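**Q** Generate coordinates for the sequence data below:
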Amino acid sequence: MKYLIPFLMVLVFTNVQAQYPGVNIPGSEVRKITSKIVAGQEYELHIMLPAGYKAGDKKYPVVYLMDSQWDFPLVTGLYGEYYYDGFIPELIIVGVTWSGEKANYDSLRLRDYSPTKVAAMPGSGGADQFLAFMKQELFPFIESNYKADGENRTLMGCSGGAVFTLYTLFTQPELFTGYAAATPYIPWDNEVLYKYEQEFAKRRLGNPVRVYMTMGDVETTRPVYEKFAAHMAARHYPSVRLHSKILENTGHGGTKHETYARGLQYVFERPQLNLAASVLNSYAGNYQLPDGRTMQLKNEHGQLALYFGSNRMFTLYAASETDLYATAQFVNIHFEHASGKPSGCWLETYGNKQFAKKIN
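**A** Numbers count the residues shown, from 1 in each chain. As a prediction, this is how the structure comes out:
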């Protein structure tokens, strides 16, 4: 009876809670797609659209997240934080999971994420089919129904999902421009990922990719991971920017938030170009905003600095010759030209964009 009472209490608590509506994530929606490639499997897509999605015809980078049944709330929360700080652009997030109230995530993950069949793991070895589903069915669905940039995709996964992420990198690297792999299980099938990596090292990629990988420092597979990460780093792949990190005092499940947060920041990190002094000097001067306020740009030791009055606000870094940004806060500046000279700039801050006319 002492075991029955707590069980009944859980039932009562659950029933009471069921009377209240669930928590929804603003800006998100659920779509479903049935695959002809993966044996008629119905997948559920958790989709987050950026706040400015309905304005204009702009296309957005897409982040494809594995194991959305667990990690969609985490990643959408991280996206909001890092976008607010100006570290990442507006994104579409597509979380992929399996439909059904009684979906067996363990067996479905094993089937879709594992690259090879292992006799002791029945149902394994379906990564090629799942990858074909993404390429031939999922991408066309997303890119025909949403303003998605098919040239700017990122893949993120953890554990088995990270094995699939690295397998995709090694076998079809052209599908994504960014990869974030949290605690990949390198020992899978006698470390078979080495075989795929060996073939990948022989390739010359048409477009560069960025890869961010992690492992928790208390995990038992840490030595195997460190050996594999060092092997990758020693390759010095010509078109791959690679970063590996051991996360302090972190176990298997705890790697997700830092990997996805830092991974997104790494994948979308903008360059810091050195602009010619003549370009910087042409931008330096006073600018008037629509409300009458003025701001000043100064060339200080080869970089522009933004001032409001006598207050130095930000150092600006150049992503291109006409696009500059701050790292301390969400600030983007795009310069416009007339008759070969700067006529003003668009000043974009979080939730606001206005044109500042150059007055001298």
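**Q** The closest residue in space to Q296 that isn't next to it in sequence: neighbouring residues, count only.
**A** Nearest residue to Q296 in three dimensions, chain neighbours excluded: Y307, at 4.3 Å (CB to CB, 6 or more residues apart in numbering). For the C-beta atoms, the positions are set from N, CA and C on the backbone; glycine is no exception. Y307: 16 surrounding residues under other CB atoms under 10 Å.
**Q** hang on, Y307 is in a helix, isn't it?
**A** No. Judged by DSSP: H, G, I helix; E, B strand; the rest coil, Y307 forms no part of a helix; its state is strand.
**Q** Can you tell me which residue sits nearest the middle of this structure?
**A** The residue at the geometric middle of the chain, judged as the C-alpha nearest the mean C-alpha position with CA atoms, centre = their mean, is L264 (3.9 Å).
**Q** which stretch of helix or strand covers that residue?
**A** Using DSSP states H and E, L264 sits in helix 255-267.
**Q** mind listing what the residue nearest to Q296 touches?
**A** When contacts are counted by CB atoms under 8 Å, 6 or more residues apart in numbering, Y307 touches 295-298, 313.
**Q** sorry, back to before: how much space separates the residue nearest to the centre of the chain from L65?
**A** Plainly put, L264 is 11 Å away from L65 if you go by CB to CB, to the nearest Å.
**Q** Now for those two: what residues contact both?
**A** M156.
**Q** Which single helix of this structure contains the most residues?
**A** Secondary structure assigned by DSSP state H gives helix 68-84 as the longest helix of the chain.
**Q** tell me the angle the helix or strand just after that one makes with helix 68-84.
**A** Once the chain leaves helix 68-84, the next helix or strand it forms, by DSSP H and E, is strand 92-98. Strand 92-98 runs at 170 degrees relative to helix 68-84, counting by axes from the mean of the first three to the mean of the last three CA atoms, to 10 degrees.
**Q** before we move on, the earlier item: tell me how far the helix holding L264 lies from the chain's centre.
**A** Here helix 255-267 is found 7 Å from its chain centre; the criterion is CA atoms, centre = their mean, to the nearest Å.
**Q** what about it, average pLDDT?
**A** Helix 255-267 carries an average pLDDT of 97.
**Q** Quick one: mean pLDDT for whatever helix or strand comes next after that helix?
**A** Where DSSP H and E defines the elements, the next helix or strand beyond helix 255-267 is helix 277-283. For helix 277-283, mean pLDDT is 97.
**Q** which other helices and strands contact helix 277-283?
**A** When contacts are defined as 3 or more CB pairs under 8 Å, 6 or more residues apart in numbering; DSSP states H and E, helix 277-283 sits against strand 294-300, strand 303-308, strand 341-349.
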